[in-house]
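Visitor: kindly generate the corresponding structure for this input.
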Amino acid sequence: MRLQIDTDLNINLFRLVPLTLVFWPAGNAAADRVIARYAGPSDQTTATSVGYETYLSAGDEVAGYKVHPVRGTVEPHYGIDLATPAGTRMIAPEGIRVVCWWDTNGGGEVATVEVKESGEVVKLLHLSSCLNGTFTQGATFARTGSSGEGTGPHLDVRRGDQQAPTRADIEPFLTGKPAKPFLSDEELVCSIGAAEGTRNRDCSTNEHYNGHVDPGNGADNLGTFSYQHGASSPEDADQRQLVRLRGAEKELQVQADAKWNQPLSKPALAAALDLWNQSPKAAGDFVGHLPSPNPTKAQIVQARAQSYVNPTTGQLNAPGLGNNSKAVEADQARRTDEVMRQLGKE
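Guide: Residues are numbered from 1 along each chain as shown. From the prediction side, this is the model:
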């Protein structure tokens with residue numbers, strides 16, 4: 001049998017395209033719900049708090065969002081969770097200011113810690129106890145716990161700038177020792193270059209960068225650091241000297257650790273490396289003349305000047321500066337000023 005149906009209905013396919021675009025998201029979402037009902041593993045969490053449905057397990061982190069272990073929702077997570085026994089001491093690694101408060105959003109007892117020297121801020125969450133106030137190096141100001149929402153005792157560490165915390169952010173509060181300061185290549189180039197006179201205060205190079213004669217020993221200097229050991233270009237000279245400076249950095253911090261069980265502060269380290277760039281022999285005595293690993297600018301200048309005195313003879317050994325004590329001190333003060341200015345400490 002053959003059935004024929006006649007109709008006067010004319011379908012304009014071009015008019016269906018906008019309708020398809022309108023209804024497609026709703027249809028797609030409905031399909032996702034149907035598929036999820038039958039295809040999703042039973043031990044996984046369906047997360048919907050950020051506007052989509054996906055299968056994630058508690059603790060999984062995707063693009064800065066993490067499945068909350070209690071709520072099962074996907075939320076922004078800017079910290080690092082560290083399993084610690086309840087009651088683990090939080091120790092001031094250097095001078096700090098602590099503000100304690102209760103986070104009603106699940107963080108429990110929180111310590112907001114500001115490091116005086118650097119101004120950096122760190123938040124420690126889920127504490128069992130916390131003390132407000134100002135603390136010096138070695139003082140206990142809080143203990144870990146499981147306050148707020150969580151699955152057990154642990155420490156949640158977060159940076160004030162919401163960047164991912166590193167070992168250098170966490171370890172000092174567990175050991176009570178300051179993190180070793182980090183000087184970037186740019187900071188070394190700009191600060192020592194300004195002290196050497198090969199770079200301007202905006203870190204741009206000047207005429208001395210491409211080569212000049214050392215007024216002290218008559219040697220040819222090249223690049224930011226007035227390199228004298230042979231290089232094919234100013235850029236090559238800079239890379240060669242940066243390698244040497246990194247080696248000197250390790251030696252200087254070993255001396256500081258041996259003397260105070262602490263590393264040099266960032267300003268002291270930068271000044272020490274500038275001194276090493278000027279005279280490696282003088283820099284070898286620099287730490288010995290410092291009264292502390294976090295000295296004042298005046299103490300840094302004094303230690304730099306004293307480093308040019310021969311410990312055996314007690315005589316000044318700075319022929320490039322005329323072996324004149326006032327000239328040496330003035331030169332060390334000028335260079336230290338330039339280094340501090342580049343680090344934003346002036």
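
Visitor: so Q342 sits against V189, correct?
Guide: No. Using CB atoms under 8 Å, Q342 makes no contact with V189, being 9.3 Å away. Every C-beta, even on glycine, is put in place using the N, C-alpha and C of the backbone.

Visitor: need the residues touching each of these two.
Guide: Jointly contacting Q342 and V189 under the rule CB atoms under 8 Å, 6 or more residues apart in numbering are C203.

Visitor: what ranges does the stretch 101-250 of the chain have for its strands?
Guide: 108-115, 121-130, 133-135, 140-144, 155-159, 212-213, 220-221 (DSSP state E, counting those that start in this stretch).

Visitor: for P178, which of those is the nearest?
Guide: Among these, strand 108-115 comes nearest to P178, with 8.6 Å by CB to CB.

Visitor: just checking, what packs against that closest one?
Guide: On a contact count with 3 or more CB pairs under 8 Å, 6 or more residues apart in numbering; DSSP states H and E, strand 108-115 meets strand 96-103, strand 121-130, strand 140-144.

Visitor: one step back: just send the strands of the stretch 101-250 of the chain back as a markdown table, with mean pLDDT, mean neighbour count and distance to G284 too.
Guide: Below are these laid out as a markdown table (pLDDT from 0 to 100; neighbours: other CB atoms under 10 Å; distance: least, CB to CB, whole Å):
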| stretch | mean pLDDT | mean neighbour count | distance to G284 |
| --- | --- | --- | --- |
| strand 108-115 | 95 | 20 | 30 |
| strand 121-130 | 95 | 21 | 35 |
| strand 133-135 | 96 | 15 | 34 |
| strand 140-144 | 96 | 22 | 37 |
| strand 155-159 | 92 | 21 | 36 |
| strand 212-213 | 84 | 14 | 26 |
| strand 220-221 | 88 | 16 | 22 |
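
Visitor: just send those back as CSV, with distance to R201 too.
Guide: Below are the strands of the stretch 101-250 of the chain laid out as CSV (distance: least, CB to CB, whole Å):
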stretch, distance to R201
strand 108-115, 27
strand 121-130, 29
strand 133-135, 35
strand 140-144, 39
strand 155-159, 30
strand 212-213, 18
strand 220-221, 20
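
Visitor: wait, which of those strands is closest to D257?
Guide: Among the strands of the stretch 101-250 of the chain, strand 108-115 sits nearest to D257 (CB to CB), with 19.3 Å.

Visitor: domains of this protein?
Guide: Following automatic domain parsing, the chain resolves into domains at 79-175, 185-342.

Visitor: what are the ranges of the helices in the protein?
Guide: Ranges of helices in the chain, per DSSP state H, are 13-39, 167-175, 185-196, 234-260, 266-278, 280-289, 297-306, 325-342.

Visitor: winner for burial among those?
Guide: helix 266-278 (a mean of 25; mean count of other CB atoms under 10 Å).

Visitor: CA atoms of that helix as CSV?
Guide: What follows is helix 266-278, C-alpha atoms only, in CSV (Å, rounded to 0.1, in the frame of the first residue of the first chain):
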residue,chain,number,x,y,z
LYS,A,266,68.5,41.1,50.8
PRO,A,267,70.1,44.5,51.2
ALA,A,268,73.1,43.1,52.9
LEU,A,269,73.5,40.4,50.3
ALA,A,270,73.2,42.9,47.4
ALA,A,271,75.8,45.1,49.0
ALA,A,272,78.1,42.2,49.6
LEU,A,273,77.8,41.1,45.9
ASP,A,274,78.5,44.6,44.8
LEU,A,275,81.6,44.6,47.0
TRP,A,276,82.6,41.2,45.6
ASN,A,277,82.2,42.6,42.1
GLN,A,278,84.6,45.5,43.1
